[in-house]
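S.K.: give the three-dimensional model of this entry:
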Amino acid sequence: MKGTETKLKTLNPATEELLNEYDIMTNEKINDSVKRAKEAFSEWKKDIHKRSEFLYAFANEFRKNKEILAKTATQEMGKAIKESRSEVEKCAWAIEYFADNGKVFLSEEVVNTDARKSIITYEPLGVIGSIMPWNFPYWQALRFAAPSLMVGNTIVLKPASATMQCGIEIENTFRKAGAPGGVFQTLIGNSSIAETLIDSDINAVTFTGSVPVGAKVAKRATSQLKKTVLELGGSDPFIVCEDADLEKTSTGAVKGRFINCGQSCIASKRFIVVRNIADEFIEKFVQETEKLKVGDPLSDDTDIGPLVNAKSLENMESLVKESVNAGAEVIAGGERANRKGYFYRPTIMKNVSPEMRIASEEVFGPVAPIITVNDENEAMKIANDSKYGLGASIWTQDLQKAEKLSRAVESGIVTVNNVVISDPRVPFGGIKNSGFGRELSRHGMLEFVNIKSIRFYDQLIHNHHVE
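M.R.: Numbers count the residues shown, from 1 in each chain. A predicted model of the protein is given here:
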């Protein structure tokens, strides 16, 4: 997370052209931003009704500027414009969801004890430092911000370098919505400023990104006794049982693997298929995949845009080549698209073994490795034999079997007969190297609160012999 640069440049991954150039904030400016957030917190935390009004205003403003926001995301990181529009809409929905339900989620609890009155309250922690990635530049930032702001915290966001303008647009939208200054601020800089943010006078840290960087963030933050939530991605299994509806399953496989050009932490990344239906599933999966249109991400009919940068493109080529050399077979795609930009064709590979990097590491790109197994017991063993544990999807028409398998799979999220998606109404997060803590729902809201117990006694109790 070190660096000495003073300028930050962003490139359009579809054209390889320079988009923008920014001055990286000094440590002094970063600390000033945190100081402003601290000052804003003292007033922001007082009135939950005002907070909900500001969030509703933000959602309205965000929707109103949907086209500009969507175009900004597409130009900065390359996702298809229709996906960018959906991301903006989902953010507005999540903001409204927490504005609608926040007061209920934070309701005091009454408990029976030996005291005359005992209550549990939920109070905001203060300033939360948010270090976010580029793949869903609005959603990643706002799925954390919505519940945290509703609680009464203030936020200082460090967006990914590649999607700096998206981060700036979020702050601009809060300002246009009339939110008080300092409640939500965006820092401008590359990864080198993350350490300064963590070391500043913030109260907690939330991070979404890679395992190695997440480990560094956690070590630095927790050494200063700052609460931390980590969402570190995954290698989600897509388990196809022998009784799966293969029409629905193959359609789900395309959506699960190739959304956002495969650059999603909860994308389906390991396709584990029972042998006696493998050929039919593979045939349908290939047919559906070959319908996808690779092209200009600003075009409404494009399904697959470019990867985020040249390094990602080179990584896809290297992984596919390495897998072929180890015995895997490319049955769709497997090459760059013949055009300018960082485009890679949607790729499917069979004869993949679980030990190959393509099936054991988190592959952030449009490559689907298929592992064929003898039965569902073997499928579950391979699914759980992973250092990751974020999401999993199970495809079967037997709901009793689905119940059993969903409880056996080692992950924070399981979806039966659909792909894994985040939803503000349910908790989001993983186990193992996929991180710790939760986002979204009431559980995510309570990550950054002081759970305070208060008891009122009529008289001193003398018979307490243990603390």
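
S.K.: write down the beta-bridge partners of residue 451, one by one.
M.R.: Beta-bridge pairing of residue 451 under DSSP bridges involves residue 122.

S.K.: contact partners for it?
M.R.: 120-122 (CB atoms under 8 Å, 6 or more residues apart in numbering). For glycine as for every other residue, the C-beta is placed from the backbone atoms N, C-alpha and C.

S.K.: can you list phi and psi of residue 336 for me?
M.R.: Main-chain torsions, residue 336, degrees, to the nearest 10: phi -60, psi 150.

S.K.: what number of residues lie near it?
M.R.: Using other CB atoms under 10 Å, residue 336 has 16 neighbouring residues.

S.K.: now it. Nearest residue, chain neighbours left out?
M.R.: Excluding the flanking residues, the one nearest residue 336 by CB to CB, 6 or more residues apart in numbering is residue 344, at 5.7 Å.

S.K.: would you list the contacts of residue 451 in TSV and tack on neighbour count?
M.R.: What follows is those, written out as TSV (neighbours: other CB atoms under 10 Å):
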residue	neighbour count
120	13
121	14
122	18
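
S.K.: between these, which is closest to residue 355?
M.R.: residue 122 (46.0 Å; CB to CB).

S.K.: returning to that earlier point: got the contacts of residue 451 as a markdown table, with pLDDT and distance to residue 396 columns?
M.R.: Shown next, in a markdown table, are those (pLDDT from 0 to 100; distance: CB to CB, whole Å):
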| residue | pLDDT | distance to residue 396 |
| --- | --- | --- |
| 120 | 98 | 41 |
| 121 | 98 | 44 |
| 122 | 98 | 39 |
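
S.K.: dump the residues you listed into a markdown table; add distance to residue 324 as well.
M.R.: Below are these laid out as a markdown table (distance: CB to CB, whole Å):
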| residue | distance to residue 324 |
| --- | --- |
| 120 | 58 |
| 121 | 59 |
| 122 | 54 |
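
S.K.: closest to residue 412 among those?
M.R.: Using CB to CB, the contacts of residue 451 come closest to residue 412 at residue 122, 22.4 Å.

S.K.: next up, the contacts around the residue lying closest to residue 276 once chain neighbours are set aside.
M.R.: Nearest non-adjacent residue to residue 276, counting by CB to CB, 6+ apart: residue 242, 5.7 Å away. For residue 242, the contacting residues are 274, 276-277, 375-376, by CB under 8 Å, 6+ apart.

S.K.: in a helix, that's where residue 242 is, yeah?
M.R.: No - counting by DSSP: H, G, I helix; E, B strand; the rest coil, residue 242 is not part of a helix but coil.

S.K.: can you tell me how far it is from residue 221?
M.R.: Residue 242 is 46 Å from residue 221, where distance means CB to CB, to the nearest Å.

S.K.: please name the bridge partners of residue 393.
M.R.: Bridge pairing for residue 393 (DSSP bridges) gives the partners residue 238, residue 415.

S.K.: now do the contacts for it.
M.R.: Contacts here follow CB under 8 Å, 6+ apart; on that basis residue 393 touches 236-239, 252, 256, 268, 414-416, 418-420.

S.K.: got it, and residue 90?
M.R.: Contact analysis of residue 90 by CB under 8 Å, 6+ apart lists residue 139.

S.K.: can we see that at 10 Å?
M.R.: Going by CB atoms under 10 Å, 6 or more residues apart in numbering, residue 90 touches 136, 138-139, 142-143, 421-424.

S.K.: can you check residue 176 too?
M.R.: So residue 176 contacts 57-58, 60-62, 64-65 (CB under 10 Å, 6+ apart).
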